[in-house]
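1. My questions concern the predicted model and sequence given below.
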Amino acid sequence: MRLTAIFLILLISFAGCKDKVLTDEELLAFADKVESDQFRYHVALLADDSMKGRLPGTPEYEKAMGYVVDQFEAFGLEPVGDNGSYLQHLTLRTVRVNPYHSHLLLGSDTLKAGSDYLYMGNANQKQQAVEAGVVFVGYGIEADTFGHNDYAGIDVANKIVLVLLGAPETLPPSERAYFSNLSTKMQTADAKGASGVLLIYPPNGRGSFEGASRRYSESGITNVLMPSGLADGRANLGENLKIAGFYNMESLDRLIPGAMDSLLIKYEQGELLQPGEELILSGSVVSDWQEFESANVLGLLEGTDLKDEYIIHTAHLDHVGIGEPVNGDSIYNGAHDNASGISAMLEIARLYTSMDSKPRRSVIFAAVTAEEMGLLGSKYLARNPPVPKEQVIANVNTDMPTLIAPLLSIEPLGAEHSSIMKHVQTNARLLNLQVNEDHMPEEVRFVRSDNYNFILEGVPALRMKYGLKTEDSETGLDSLINTFTRNVYHKPSDEVDGLFDFEAARTYVKLQFMNSYKISVDDERPKWNEDSFFRKFER
């Protein structure tokens, strides 16, 4: 009995011991096992016409989920979804404004929906009404740390605020992205007690009123139901807001005389033009809801001595489905966006599970849903992980790495805010990759993918994007990227036989695997930098 007890104690002790940790040279050699043919195979299957663009709520999306489940099973990953399955189920609620019972009046004049304004609807209240004065608050930013506060000295309680979309170029890239985010602007206005928000697309900014009108009028705004029963997403108006929507810059003179010519000029000079106190907007909005089911696909590789700490790999499985035909093709295949990201994650999972030694920390692989609808699958996962929330220590996200040319440089979005950057720099050096800052901060890519939801939950995160370096030092990738964005991104031409560099894909997967592995075996969990703006979300 005594020998048996000793044996059991030893067995339990060894079970918690860490395996061999690879040296840099060993890690580089092991990462060389990435298979570009396997990567291409995953992309080809997920972006095939038979998948019809992988729109959540369709049989084709279910088919794509089934493929990922099959891969996770083949790798031997443990299911950590609902009821012992690989699926974390969630309910999505699409909100559409009922045009027959919704209106916005300026005094006694009825404004025209789709021309003057566009309501967003409300995901938690089917009917709301408001009558209030109007206040212009610039970009609607409260950022005293950076010497910028559009609300300073302005009482917006029970008022409808006019807010410019975007953020000043003077802000650092990641912070600019944060303050540009539509939800950030709405949450700030709600916290200030405003009763409504009307967002304005400035000239030469990102997006347009016409684009928003087409997008939201046709498809509505989809949100995700949380366990509390409340829906969260772009149509979550919070505690105080009764209405939210967009106002056409070309109709702004009706609210603020001369605004078309001088509003932005005066604002940049530090003056906020305001409507007269007698100006009153009254509106009501009725929202119609439609709900459907979807799921994230979750698989776990258990670690060793630090197995109760978790890295979550994310890549979104969905795309936009069937859309407007281009040259007779209406299937938006989403090969780059984001079959390539799922393929990268699957190759990383294959590498991990083929190792002789396990990582110290556990790794969760998550193919998330409804990213194209507003980062909804990752929003649900980040708030409701299958493990203790405080034990999620890092997110590694892969979203459209844009593998269209040799990968010679990288832009690790978000890494500059935490100790994750040290791993990125080490691995980039091993792979002879140049590390650059975000070359297009105006596109606010930092907040436009699933990594952002983890950052908001206090989890250091990394979204790895391509850099612009080419073999010819005189030219960058700008021209090729512009061609890709214009002709391929969110188009039916985003197919596996299109613009793809699978050797670049191989390098990319190596890098992301090495980044993940370094995080998994480090003695310390990732830490926010002391001076990081996003450290305020730390738990």
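-> Nice, thanks for sending it over.

2. In the stretch 251-400 of the chain, what residue spans correspond to strands?
-> Along the stretch 251-400 of the chain, counting by DSSP state E, counting those that start in this stretch, strands occupy 280-301, 306-316, 322-326, 329-331, 361-368, 392-397.

3. partners of the longest one, with directions?
-> Think strand 280-301. Paired strands of strand 280-301, with direction, are strand 78-79 (antiparallel), strand 87-97 (antiparallel), strand 103-106 (antiparallel), strand 127-136 (antiparallel), strand 361-368 (antiparallel) (DSSP bridges).

4. still on that earlier bit, save the strands of the stretch 251-400 of the chain as a markdown table, and put in mean neighbour count too.
-> The way it works is simple: take the backbone N, C-alpha and C, and place the C-beta from them, glycine included. Putting the strands of the stretch 251-400 of the chain into a markdown table (neighbours: other Cβ atoms under 10 Å) gives the following:
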| stretch | mean neighbour count |
| --- | --- |
| strand 280-301 | 21 |
| strand 306-316 | 24 |
| strand 322-326 | 13 |
| strand 329-331 | 16 |
| strand 361-368 | 28 |
| strand 392-397 | 26 |
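
5. nearest to Ala47, of those?
-> When the strands of the stretch 251-400 of the chain are compared by Cβ to Cβ, strand 329-331 sits nearest Ala47, at 9.4 Å.

6. Check which helices and strands that closest one sits against.
-> The helices and strands touching strand 329-331, judged by 3 or more Cβ pairs under 8 Å, 6 or more residues apart in numbering; DSSP states H and E, are strand 322-326.

7. List the pairing partners of the strand it packs on within its sheet, with orientation.
-> Using DSSP bridges, the strands paired with strand 322-326 are strand 329-331 (antiparallel).

8. what mean pLDDT would you report for the strand it pairs with?
-> In this model, strand 329-331 has an average pLDDT of 98.

9. do stretch 176-187 as well
-> Mean predicted lDDT for stretch 176-187 stands at 96.

10. and it, C-alpha only, in CSV?
-> Output of stretch 176-187 as CSV, limited to C-alpha atoms (Å, rounded to 0.1, in the frame of the first residue of the first chain):
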residue,chain,number,x,y,z
ARG,A,176,-7.0,56.9,-32.6
ALA,A,177,-8.6,53.6,-33.6
TYR,A,178,-10.2,53.2,-30.2
PHE,A,179,-11.7,56.7,-30.2
SER,A,180,-12.9,56.3,-33.8
ASN,A,181,-14.9,53.3,-32.9
LEU,A,182,-18.6,53.9,-33.2
SER,A,183,-19.4,52.0,-30.0
THR,A,184,-16.9,54.1,-28.0
LYS,A,185,-18.6,57.3,-29.2
MET,A,186,-22.1,56.0,-28.4
GLN,A,187,-21.0,54.7,-24.9
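
11. Quick one: distance of it to the chain centre.
-> 13 Å (Cα atoms, centre = their mean, to the nearest Å).

12. domains of the chain?
-> Domain assignment for the chain by automatic domain parsing gives 34-93+291-537, 108-278.

13. Which of those domains has the lowest mean pLDDT?
-> Mean pLDDT values for these show the minimum at domain 108-278, a mean of 93.

14. Does anything pack onto the helix ranked longest in the chain? Which helices or strands?
-> Across the chain, the helix with the greatest residue count (assigned by DSSP state H) is helix 502-521. Secondary-structure packing of helix 502-521 (3+ Cβ pairs under 8 Å, 6+ apart): helix 24-31, helix 36-46, strand 306-316, helix 340-353, strand 361-368, strand 392-397, helix 420-430, strand 461-466.

15. Out of these, which gets nearest to Glu78?
-> strand 361-368 (9.3 Å).

16. Show me how far the closest one is from its chain's centre.
-> Offset of strand 361-368 from its chain centre (Cα atoms, centre = their mean): 16 Å.

17. before we move on, back to that, and the strands of the stretch 251-400 of the chain as JSON lines, adding distance to Val135?
-> Below are the strands of the stretch 251-400 of the chain laid out as JSON lines (distance: least, Cβ to Cβ, whole Å):
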{"stretch": "strand 280-301", "distance to Val135": "11"}
{"stretch": "strand 306-316", "distance to Val135": "37"}
{"stretch": "strand 322-326", "distance to Val135": "38"}
{"stretch": "strand 329-331", "distance to Val135": "44"}
{"stretch": "strand 361-368", "distance to Val135": "38"}
{"stretch": "strand 392-397", "distance to Val135": "37"}
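
18. So for the helix or strand containing Ser479, what gets flagged as buried?
-> For Ser479, the enclosing helix or strand under DSSP states H and E is helix 478-487. Neighbour-count burial for helix 478-487, counted by 16 or more other Cβ atoms under 10 Å, picks out Leu480, Ile481, Phe484.

19. Give me the distance between the last one and Asp501.
-> Just to be clear, that refers to Phe484. Counting by Cβ to Cβ, to the nearest Å, the separation of Phe484 from Asp501 is 11 Å.

20. Could you name every residue contacting both of those two?
-> Each of Ile404 lies in contact with both Phe484 and Asp501 under the rule Cβ atoms under 8 Å, 6 or more residues apart in numbering.

21. what's the closest non-adjacent residue to Leu230?
-> Computed as Cβ to Cβ, 6 or more residues apart in numbering, the closest residue to Leu230 that is not its neighbour in sequence is Asn124, at 5.7 Å.

22. so the one you found, which of the three states?
-> coil (DSSP: H, G, I helix; E, B strand; the rest coil).

23. Correct me if wrong: it contacts Gly233.
-> No - applying Cβ atoms under 8 Å, one finds Asn124 not in contact with Gly233, separated by 10.1 Å.

24. who's more crowded, those two?
-> Shown here are Asn124 and Gly233; by other Cβ atoms under 10 Å, Gly233 has more neighbours (22 against 19).

25. Relative to Asn122, how far out is that one?
-> Distance of Gly233 to Asn122, computed by Cβ to Cβ: 11 Å.

26. got it, and Val135?
-> Distance of Val135 to Asn122, computed by Cβ to Cβ: 21 Å.

27. Enumerate every residue touching His421.
-> I think there's a mix-up here, since residue 421 is Met and not His. Pro412, Ala415.

28. one step back: give me the more crowded residue out of Val135 and Asn122.
-> Between Val135 and Asn122, counting by other Cβ under 10 Å, Asn122 is the more crowded of the two (25 against 22).

29. wait, what's in contact with the more buried one?
-> Listed by Cβ under 8 Å, 6+ apart, the contact set of Asn122 reads Val95, Gln128, Ala235, Leu237, Ala244, Val285, Ser287.

30. closest to Ala344 among these?
-> Closest approach to Ala344 among the contacts of Asn122 (Cβ to Cβ): Ala235, at 31.6 Å.

31. these two touch, right, that closest one and Ile221?
-> Yes - at 4.4 Å, Ala235 and Ile221 qualify as touching, with contact defined as Cβ under 8 Å.

32. Report the set of residues contacting both of the two.
-> Val95, Met120, Gly121, Ala123.

33. want to throw these into a markdown table with neighbour count?
-> As requested, these are exported to a markdown table (neighbours: other Cβ under 10 Å):
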| residue | neighbour count |
| --- | --- |
| Val95 | 26 |
| Met120 | 24 |
| Gly121 | 28 |
| Ala123 | 24 |
